[in-house]
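1. I'd like to go over a predicted model; first the sequence, then the structure.
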Amino acid sequence: MNEATSEALELLRQQIDAVDQELLALVRRRLDLVASVGRVKHQAGLPIYAPEREAKMLAKRRQEASEMHIAPQLIEDLLRRLMRESYLNEKDVGFKSVNPNLSRVVVIGGAGALGQVFVQMLRLSGYHVDILDVNDWHNADALLDNVGLVLVSVPISYTCELIREKLTRLPDNCVLADLTSIKASPLDAMLKAHRGPVVGLHPMFGPDVGSLAKQVVVVCHGREPEQYQWLLQQMTIWGARIVEANATEHDNAMQLVQAMRHFSTFVYGLNLCKQQADIKQLLLFSSPIYRLELAMVGRLFAQSPELYADIIFAQLGSEGVIGDYLANYRQAFELLKNRDRDTFVEWFKQVATWFGDLAPQFQLESRQMLQSVNDIHSNP
């Protein structure tokens, strides 16, 4: 590189550095403005996540970016990342309490990972929250006296037993709710144990979420829904999306969404282990999509084995769903053994037709995710 080229590059890099400083200042200003918005929302009791406002804003920014000859997806990616950071920061100012006259909240299993999320969010909303954990039952009568909400967040294998044996003397106006990933049996247990309002909740997220913005909470109604509407409204203010479902239909869906998916991931990881695969070498040869798939397998094994055993084994109908998966795997394997490429292509087309318009939509969504994965791991 000659001296003139070196000097020209250095001058341009200095200008880029100056623009980067301007960008940092603008980001700081935007975060400060969003914090002010958060304080106004807190005072008014408005949800931190407004999907209509977000969609309109992103559409307008994409159009403006296109007019400036900037890739619309670039500005959307930047804004979504900024919004995620904003949602994380908004909860620092707390949330308006929908039911300020509620006596107390007790979270059974509140020292656990998911229980801690709800303890934190309820406290940020101004509620008095007590934790009742495995070593606290000697003090249970005092904690459950005059309680307004009891949230059960314990392992699935213990949930129904705990409800039947420990929660039969709650105040009649107390809301009893659970946070387990199956709903029919806990909901039935709560309805039999408690005479007051009952609701089943399934947070469709793990305890490592930084914010409840855009997170789904499935609600299975039990008894006296008017008495726990405040709780659903409170979760909406936190940014959660409420999805109502019949408990049995929910559990049937979870056999596919959770039990079969987690089981197949477990088997894939088990196979890698038994093959003594060199994961570091696999990563060297990985495309972004395989790295993402491997990351999802590794994510499973970074968590509690008891938790995933409970999720898989608690789904009483999962054997049938997983058995069907195994049968289909065997049939597909026979195609491979017989080198029956034509039938493979035919089946492939059948599945593609079944997915319909969702297949190209998922292709677009996954492409955006893969670009992020590639950005993260392209640096040495």
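-> Received it, and whenever you're ready, just let me know what you need.
2. going forward, measure contacts and count neighbours with C-alpha atoms only.
-> Fine.
3. Which residue, neighbours along the chain excluded, lies closest to Val34?
-> Ser86 (6.5 Å; Cα to Cα, 6 or more residues apart in numbering).
4. before we move on, what about Gln234?
-> Val98 is the one closest to Gln234 (Cα to Cα, 6+ apart), at 6.0 Å.
5. Would you state the helices of the stretch 1-150 of the chain in chain order?
-> Remark: helices assigned in the stretch 1-150 of the chain by DSSP state H, counting those that start in this stretch are 3-44, 51-67, 72-90, 113-124, 140-144.
6. who wins for proximity to Phe348 among those?
-> helix 72-90 (30.4 Å; Cα to Cα).
7. can you redo the helices of the stretch 1-150 of the chain as CSV with mean neighbour count, distance to Glu293 and mean pLDDT?
-> Conversion of those to CSV gives the following (neighbours: other Cα atoms under 10 Å; distance: least, Cα to Cα, whole Å; pLDDT from 0 to 100):
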stretch, mean neighbour count, distance to Glu293, mean pLDDT
helix 3-44, 13, 32, 91
helix 51-67, 14, 29, 93
helix 72-90, 16, 22, 87
helix 113-124, 18, 25, 94
helix 140-144, 15, 44, 91
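8. Of those, which is nearest Thr265?
-> Taking Cα to Cα, helix 113-124 is the member of these nearest to Thr265, at 21.9 Å.
9. and the closest one, how far out from the chain's middle?
-> Centroid separation between helix 113-124 and its chain, computed with Cα atoms, centre = their mean, to the nearest Å, is 15 Å.
10. from now on call the first residue 99
-> Fine by me, first position is 99 from now on; the one you just mentioned is helix 211-222.
11. same for that helix, what does it pack against?
-> strand 203-206, strand 227-230 (3 or more Cα pairs under 8 Å, 6 or more residues apart in numbering; DSSP states H and E).
12. ranking the ones you listed by burial, who's on top?
-> Ranked by mean neighbour count, the helices and strands packed on helix 211-222 are led by strand 203-206 with a mean of 24 (mean count of other Cα atoms under 10 Å).
13. Mind giving me the packing neighbours of it?
-> With contacts taken as 3+ Cα pairs under 8 Å, 6+ apart, strand 203-206 sits against helix 211-222, strand 227-230, strand 247-250.
14. who does it pair up with?
-> Strand pairing for strand 203-206, using DSSP bridges, gives strand 227-230 (parallel), strand 247-250 (parallel).
15. From Asp234, how far off is Pro198?
-> The gap separating Pro198 from Asp234 is 26 Å, by Cα to Cα, to the nearest Å.
16. Then Gln141?
-> 36 Å.
17. Glu432 too?
-> Per Cα to Cα, Glu432 is found 56 Å from Asp234.
18. cool, Asn369 as well?
-> Taken as Cα to Cα, the span from Asn369 to Asp234 is 41 Å.
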